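S.K.: coords please:
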Amino acid sequence: MHRALPILILSLAAGDLLAQSVVVPNANANTRGVSGLNTLTRNAGNPRTYMLGVPASELATVPVGAEIVGVSFRSYVGTANPATWPPSDTTWTDYEVTVGPAAPLNTWTGVFANQWATGSTPVQVRDGAMLITTNTFANNTSLPAPQPNPFGNFFWDFQKTFTYTGGDLALLFTHPGSSQATSAFYLDNGTNNPTTGVAYAATGFQMANGTASSPYIARVHWGYGKGCAGTGNAVPMLVSAGDTTGGGTATFSIANAKASSPAAVGFGIQRTSASLPNGCTLLTAPLVILPVTLDANGRFLLNLGIAPGVTGAMEAQAFVIDAGAPGGYCVSNGVSFKAN
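M.R.: Residues are numbered from 1 along each chain as shown. The predicted structure follows:
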């Protein structure tokens, strides 16, 4: 879906907001990795458990206290991947993701429980069935090296946020294999290196131990504040794919909300924290509201064209009409966006 955002809102606010996503390792923001790994999307009959450790140095732009709202990946450039994936809607009956502070990466041994920081409280940010829709990931084998494929706009369907407290970060993924006969290879960074990232994997679901694996090149997304729950205690999640430079497309994803519901994304120029009548929190005072309708999966991908020369910053929050929520509506976390 494409919408034209009035230039006025961008021209009103210029600031030094940080982009609300970061590629880890940072050196691979615009450069391919070493190879491709398909652990996260393994196909039917191939359960996997995978834990990725990211050093604090690679997360220097993530503010302490930020709410991590998603993670995304990019297809490996090569003939192991089709031009697009998946070929049809692909589901996992139970896909679990847990995020938390990591033990020092040079101490990891493959015992997953020991790789969380001592005394920390990891958060299971998603649990249950997960779906990736048809043709979410693109692979262009004619790209000149070292140019990578673009990141896919699927943010691993987080259902809760994780408050980043600083330090090294660990992400644990586990699934029982998908409904699909094929899988996608995402770019990875080769071998473990505590200064750029480490990983361990196991060939099973909810496994306790793994062996050394290749660290994925990931994009970590964050926002601020917390949303409030609607039907089924689901809290809408809003993710910004990142800032633009010299024009481009600003992408915002609403997910984890009531299917086929009317919704809107409100854009403002400053953050706020105001209590709403139903107990939710207004995180920005909207100057522009764009109405949308969520799909059958409770998602909407909003793409806004930003013209070259338009600069400035804005804040965004999603609002979902939901009869199962107090007052008949619920809201998401907030995100910031900047055009440079």
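S.K.: From now on I want contacts and neighbour counts done on CA atoms only, so please keep to that.
M.R.: Will do.
S.K.: So residue 121: helix, strand or coil?
M.R.: Secondary structure for residue 121, judged by DSSP: H, G, I helix; E, B strand; the rest coil, is coil.
S.K.: What are the boundaries of the helices in the stretch 51-200 of the chain?
M.R.: Using DSSP state H, counting those that start in this stretch, no helices are found in the stretch 51-200 of the chain.
S.K.: Confirm residue 27 sits in a helix?
M.R.: Yes. If the criterion is three-state DSSP, then residue 27 is within a helix.
S.K.: how close does it get to residue 219?
M.R.: In this view, residue 27 and residue 219 are 12 Å apart by CA to CA, to the nearest Å.
S.K.: burial of residue 83, as a residue count?
M.R.: For residue 83, the count of nearby residues is 17 (other CA atoms under 10 Å).
S.K.: list the contacts for it?
M.R.: 138, 139, 140, 141 (CA atoms under 8 Å, 6 or more residues apart in numbering).
S.K.: And for residue 207?
M.R.: Residue 207 neighbours (CA under 8 Å, 6+ apart): residue 49.
S.K.: which residues touch stretch 227-238?
M.R.: Contacts of stretch 227-238 (CA under 8 Å, 6+ apart): 69, 158-160, 252-258, 280-281, 317-318, 320, 322-326, 329-335.
S.K.: Put the buried members of those residues into a PyMOL selection.
M.R.: Buried members of the contacts of stretch 227-238, defined by 16 or more other CA atoms under 10 Å, are picked up in PyMOL with:
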select buried, resi 69+158+159+160+252+253+254+255+256+257+258+280+281+317+318+320+322+324+325+326+329+330+331+332+333+334+335
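S.K.: Sort out which of the contacts of residue 83 are in strands and list them.
M.R.: Mapping the contacts of residue 83 onto strands (DSSP state E) picks out residue 138.
S.K.: As JSON lines, the contacts of residue 83 with distance to residue 89, pLDDT and neighbour count would be great.
M.R.: Below are those laid out as JSON lines (distance: CA to CA, whole Å; pLDDT from 0 to 100; neighbours: other CA atoms under 10 Å):
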{"residue": "138", "distance to residue 89": "15", "pLDDT": "98", "neighbour count": "21"}
{"residue": "139", "distance to residue 89": "17", "pLDDT": "98", "neighbour count": "24"}
{"residue": "140", "distance to residue 89": "21", "pLDDT": "98", "neighbour count": "18"}
{"residue": "141", "distance to residue 89": "23", "pLDDT": "96", "neighbour count": "17"}
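S.K.: Sketch out the low-pLDDT regions of the stretch 151-300 of the chain for me.
M.R.: Across the stretch 151-300 of the chain, nothing is flagged by pLDDT under 70.
S.K.: where exactly do the strands run in it?
M.R.: Assigned by DSSP state E, counting those that start in this stretch, the stretch 151-300 of the chain shows strands spanning 162-163, 169-175, 186-188, 198-202, 211-212, 218-223, 237-240, 248-255, 262-268, 271-275, 281-284, 288-293, 300-306.
S.K.: Could you please name the strands the last one pairs with and the direction of each pair?
M.R.: Spelled out, it's strand 300-306. strand 2-3 (parallel), strand 248-255 (antiparallel) (DSSP bridges).
S.K.: Now do it against strand 262-268, angle only.
M.R.: 40 degrees (axes from the mean of the first three to the mean of the last three CA atoms, to 10 degrees).
S.K.: Would you mind pulling up the elements that the following helix or strand past strand 300-306 packs against?
M.R.: As assigned by DSSP states H and E, the chain's next helix or strand after strand 300-306 is strand 312-321. Other elements packing on strand 312-321 under the criterion 3 or more CA pairs under 8 Å, 6 or more residues apart in numbering; DSSP states H and E are helix 7-12, strand 262-268, strand 281-284, strand 329-339.
S.K.: Look at residue 304 and say how many residues are nearby.
M.R.: With other CA under 10 Å as criterion, residue 304 counts 17.
S.K.: I'd guessed it sits against residue 247; true?
M.R.: No. Using CA atoms under 8 Å, residue 304 is not in contact with residue 247; the gap is 10.4 Å.
S.K.: How about the residue most central in space within the chain: which residues does it bridge to?
M.R.: By CA atoms, centre = their mean, the chain has its centre lying nearest to residue 70, at 2.4 Å. Beta-bridge partners recorded for residue 70 (DSSP bridges): residue 221.
S.K.: residues in contact with it?
M.R.: Here residue 70 is in contact with 155, 156, 157, 158, 220, 221, 222, 239 (criterion: CA under 8 Å, 6+ apart).
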